[in-house]
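**Q** Fold the following and give me the result.
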Amino acid sequence: MKFNELIRLLEANGFKIIREKGSIRYYGKVGWDKLIRVDNHGSKEVPKGTCHSILKASGINK
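**A** Have a look, this model is predicted:
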């Protein structure tokens, strides 16, 4: 999965950008108490462990 695809998946599940500094974006949504940190690198592949960690923290099952 590429970073752009991961971001689209988060946004499709109701997450929006809360904060951004450089290539680091923090996503959150109403009713979700944690911010999800994503280091955006565009068309590069997300490392497998990082992808699983982000999906687990956001509660998305893929």
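**Q** all helices for the protein, in order.
**A** Per DSSP state H, the chain carries helices over the ranges 3-12, 48-58.
**Q** got TSV for those helices, with distance to G31, mean pLDDT and mean neighbour count too?
**A** C-betas here are computed from N, CA, C, even on glycine. Putting the helices of the chain into TSV (distance: least, Cβ to Cβ, whole Å; pLDDT from 0 to 100; neighbours: other Cβ atoms under 10 Å) gives the following:
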stretch	distance to G31	mean pLDDT	mean neighbour count
helix 3-12	15	94	16
helix 48-58	12	94	15
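**Q** which stretch among those helices comes nearest I36?
**A** helix 48-58 (5.1 Å; Cβ to Cβ).
**Q** Adding distance to Y27, write the helices of the chain out as CSV.
**A** CSV is the format used below for the helices of the chain (distance: least, Cβ to Cβ, whole Å):
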stretch, distance to Y27
helix 3-12, 5
helix 48-58, 8
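**Q** among those helices, which is nearest E20?
**A** Among the helices of the chain, helix 3-12 comes nearest to E20, with 11.6 Å by Cβ to Cβ.
**Q** right, and the helices of the chain - which one's nearest H41?
**A** helix 3-12 (5.0 Å).
**Q** Just the residues contacting the closest one, thanks.
**A** Residues outside helix 3-12 that contact it (Cβ atoms under 8 Å, 6 or more residues apart in numbering): 1, 25, 27, 36, 38-44, 46, 51, 54, 58, 60, 62.
**Q** Once you drop chain neighbours, what's closest to E20?
**A** Y26 (7.2 Å; Cβ to Cβ, 6 or more residues apart in numbering).
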